[in-house]
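S.K.: Provided below for reference: sequence and predicted model.
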Amino acid sequence: MLSYTTYDPLTEYVLRCADNNLILGHRISEWCGHGPVLEQDIALTNMALDLLGQSRMYLKYAAELIGHNETEDSLAFLRDAMQFRNSLLVEQPNGDFAHTIIRSLIFDSFHYFFTEQLMQSNDKRLADIATKSLKEITYHRKFSSEWTIRLGDGTEESNKRMQTAIDDLWRYKGELLSPDELDMEMLEKGIGVDLNKIEPLVDNHLSDMLNRATLQIPQAEFMQKGGKQGLHSEHLGYILAELQFMQRAYPGLNW
Amino acid sequence: MSESSMLEIFEEKIKREIKIEPREWMPDAYRKTLVRQISQHAHSEIVGMLPEANWIKRAPTMRRKVALLAKVQDEAGHGLYLYSAAETLGTSRKTMIDDLLSGKAKYSSIFNYPTITWADIGAVGWLVDGAAIMNQVMLCRTSYGPYARAMVRICKEESFHQRQGYEIMLTLAQGSQEQKAMAQDALNRWWWPSLMMFGPSDKESKHSAQSMAWKIKRKSNDELRQNFVDATVPQARLIGLSIPDPDLKWNEERGAYDFGDIDWEEFWNVVKGNGPCNKQRLDDRNKAHEEGHWVREAALAFAEKQAKRKAKKDKVA
């Protein structure tokens, strides 16, 4: 396991959940005011709001676990890239609408089954957050699935764009579903989710949607990884530069 | 029925405060005025998303970020209701949006000013939404039914936004020296453009008199502007910020504030397209529209395919 670990295992695990939501929420919020249709602008903003809301619940829990003076804001705004625990997928740029939809399709498929299992966690706080989040995630998965089908089976151009997006982003799917030492430890303790168990469910959903969208599942075997352990792509630094600007420029103030 | 008797019925309704509804007869000029006003209002909501969305990624706390995102989303929702209200008058959303994108249709000039610091988000909520509410509260009683009903919903959300903006300013005004300076700077830059939001003074305003007669408007631009000044000055004082107007003075006799002259040259200059962000705002809207073209086209193609598949299936069954 790559080790940039600075927190105890449970906190690490909670931060993975928090950061996936925070970084994807940040990315999707970039669409606000720039969506392809007003209705979709509103829908995307809704999803960003849901993800940021879920991220806050996890961040607050992580802050309590760490103690001292840690808060949701200090965790969001004062950690550097190597302390972030989101998967590589969610930090990928929005690209065109096709890339945004495919990124969400892959993440939402994972997020749905992950959260459904997390509801059974013997960590009550995690189970509660998962239970509160599932309805929103169900809607996200429906949105990204429907748009995948619509755009895949739309015009020649939209099909091509969607195929490019899936070819570009498929390499980031593996990390979501391959357990590392921390995933194993959390599973043994009855806290975490069995990724091996949800993998076929996620793959089934993805292949079903891609088939219906007349898109080809990429044959590439190699999967990128590292985000979960704190080894990120170049994109994350720029996300943090914007996300954290105010707290870095004006430290320690009330806003 | 002759046109003159239909006009009589229309005027009688206006007089008796009965709302005009989409299917009823109305003078062409009334319809045209409403389409222009409601679509301008819708465009303002949509373009107005841009200066605020500019700070979503950089909001200083998670709580502020979520509140701002929700606020900008509300503006998009207002745009939707307003386009729908305007469509009841027989102009399609597509036509209205094409007019916005080509620069033919106007939107509120206030959104051609930049949001430079976080305090601008406070100032926009407090002053811009505050000024908008003055106008919108009046429009809840406008004579055209669908417009009045859209406004009732919008007003509720706008007054929440205005409080939220004021609360950002309050927090800054109680903060560090640099936060206070940031808040004062934002007030300095947004004060005069906010006063310009009410439009030209009554004697210069070409649509005002007719709109008042039709009860589309119920207060003149100058009356609304005065109401805004009178409501806002005490709010600024309460949090220790000063209004950037050396001529501002309470007038005991009028029971209202006297205030300095508005720079109408600046106003017309921004209306004509020379504000700091006119080009940027319109370019952003056009870029979103062009980049969304393939998405809209694909959604349409998919819907047609689905309809054909269904028809085929129904035939078989």
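M.R.: Cool, the structure landed.
S.K.: and the stretch 101-250 of chain A, which of its residues are near chain B?
M.R.: Selection of the stretch 101-250 of chain A residues close to chain B by CB under 8 Å from any CB of the partner chain yields A:149-151, A:153-155, A:157-158, A:161, A:242-243, A:245-247, A:250. Quick note: C-beta positions are derived from backbone N, CA and C, even for glycine.
S.K.: could I have the ChimeraX command that selects the buried members from these?
M.R.: To isolate the buried members of those in ChimeraX, using 16 or more other CB atoms under 10 Å in any protein chain shown:
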select /A:149,150,151,153,154,155,157,158,161,243,245,246,247,250
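S.K.: so which pair among the residues of the stretch 101-250 of chain A next to chain B is furthest apart in space?
M.R.: The two members of these with the most space between them (CB to CB) are A:Asp153 and A:Tyr250, at 49.4 Å.
S.K.: can you give me how far stretch A:90-110 is from the chain middle?
M.R.: Centroid separation for stretch A:90-110 versus its chain: 9 Å, with CA atoms, centre = their mean, to the nearest Å.
S.K.: next, the buried residues of it.
M.R.: By 16+ other CB under 10 Å, the buried positions in stretch A:90-110 come out as A:90-92, A:95-110.
S.K.: looking at the residues of the stretch 101-250 of chain A next to chain B, which are in helices?
M.R.: Using DSSP state H, the members of these that fall within helices are A:149-151, A:157-158, A:161, A:242-243, A:245-247.
S.K.: redo the residues you listed as JSON lines? Include distance to B:Leu248.
M.R.: Compiled in JSON lines, those are given as follows (distance: CB to CB, whole Å):
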{"residue": "A:Ile149", "distance to B:Leu248": "60"}
{"residue": "A:Arg150", "distance to B:Leu248": "56"}
{"residue": "A:Leu151", "distance to B:Leu248": "56"}
{"residue": "A:Glu157", "distance to B:Leu248": "58"}
{"residue": "A:Ser158", "distance to B:Leu248": "57"}
{"residue": "A:Arg161", "distance to B:Leu248": "56"}
{"residue": "A:Glu242", "distance to B:Leu248": "38"}
{"residue": "A:Leu243", "distance to B:Leu248": "39"}
{"residue": "A:Phe245", "distance to B:Leu248": "35"}
{"residue": "A:Met246", "distance to B:Leu248": "32"}
{"residue": "A:Gln247", "distance to B:Leu248": "36"}
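S.K.: and B:Tyr257, that's in a strand?
M.R.: Yes - according to DSSP: H, G, I helix; E, B strand; the rest coil, B:Tyr257 belongs to a strand.
S.K.: so it makes contact with B:Ala231?
M.R.: No - taking contacts as CB atoms under 8 Å, B:Tyr257 lies outside contact range of B:Ala231: 10.0 Å.
S.K.: so between these two, which is more surrounded?
M.R.: B:Tyr257 (18 against 13; other CB atoms under 10 Å in any protein chain shown).
S.K.: B:Lys180 contacts B:Leu172, doesn't it?
M.R.: Yes - B:Lys180 lies in contact with B:Leu172 (CB under 8 Å); the separation is 6.7 Å.
S.K.: can you show me the helices along the stretch 51-200 of chain A?
M.R.: Counting by DSSP state H, counting those that start in this stretch, one finds helices in the stretch 51-200 of chain A at the ranges A:72-77, A:88-91, A:97-118, A:124-152, A:156-169, A:173-177, A:181-188, A:195-212.
S.K.: reformat those into JSON lines and put mean pLDDT next to each item.
M.R.: Formatted as JSON lines, the helices of the stretch 51-200 of chain A follow (pLDDT from 0 to 100):
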{"stretch": "helix A:72-77", "mean pLDDT": "97"}
{"stretch": "helix A:88-91", "mean pLDDT": "98"}
{"stretch": "helix A:97-118", "mean pLDDT": "98"}
{"stretch": "helix A:124-152", "mean pLDDT": "98"}
{"stretch": "helix A:156-169", "mean pLDDT": "97"}
{"stretch": "helix A:173-177", "mean pLDDT": "96"}
{"stretch": "helix A:181-188", "mean pLDDT": "96"}
{"stretch": "helix A:195-212", "mean pLDDT": "98"}
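S.K.: and B:Gly199, which of those helices is closest to it?
M.R.: helix A:97-118 (37.5 Å).
S.K.: what is the orientation angle of that closest one with helix A:156-169?
M.R.: Using axes from the mean of the first three to the mean of the last three CA atoms, to 10 degrees, the inter-axis angle of helix A:97-118 relative to helix A:156-169 is 50 degrees.
S.K.: for helix A:97-118, the distance to its chain's centre please.
M.R.: Between the centre of helix A:97-118 and the centre of its chain there are 7 Å (CA atoms, centre = their mean).
S.K.: check which helices and strands it is in contact with.
M.R.: Judged by 3 or more CB pairs under 8 Å, 6 or more residues apart in numbering or on different chains; DSSP states H and E, helix A:97-118 is in contact with helix A:9-29, helix A:88-91, helix A:124-152, helix A:156-169, helix A:173-177, helix A:195-212.
S.K.: which one, of those, ends up nearest to B:Met6?
M.R.: Closest among those, using CB to CB: helix A:124-152, at 45.9 Å.
S.K.: on that earlier part again, pick the most buried one from the helices of the stretch 51-200 of chain A.
M.R.: Mean neighbour count (mean count of other CB atoms under 10 Å in any protein chain shown) peaks for helix A:88-91 among those, with a mean of 26.
S.K.: which other residues reach that one?
M.R.: With contacts defined as CB atoms under 8 Å, 6 or more residues apart in numbering or on different chains, helix A:88-91 is touched by A:20, A:23-24, A:27, A:103, A:106-107, A:169, A:172-173, A:175-176, A:224-227, A:232-233, A:235-236, A:239.
S.K.: got phi/psi on the residue in the stretch 151-255 of chain A that chain B sits nearest to?
M.R.: Going by CB to the nearest CB, chain B is nearest to A:Gly154 of the stretch 151-255 of chain A, at 2.8 Å. Torsion angles at A:Gly154 (phi, psi; degrees, to the nearest 10) stand at phi -90, psi -100.
S.K.: thought it was touching B:Glu304?
M.R.: No - counting by CB under 8 Å, A:Gly154 sits too far from B:Glu304 to count as a contact (9.8 Å).
S.K.: distance-wise, check the closest residue to A:Glu116 other than its chain neighbours relative to A:Pro179.
M.R.: What sits nearest to A:Glu116 in space, not counting adjacent residues and going by CB to CB, 6 or more residues apart in numbering or on different chains, is A:Leu134, at 6.3 Å. Distance from A:Leu134 to A:Pro179, counting by CB to CB, to the nearest Å: 22 Å.
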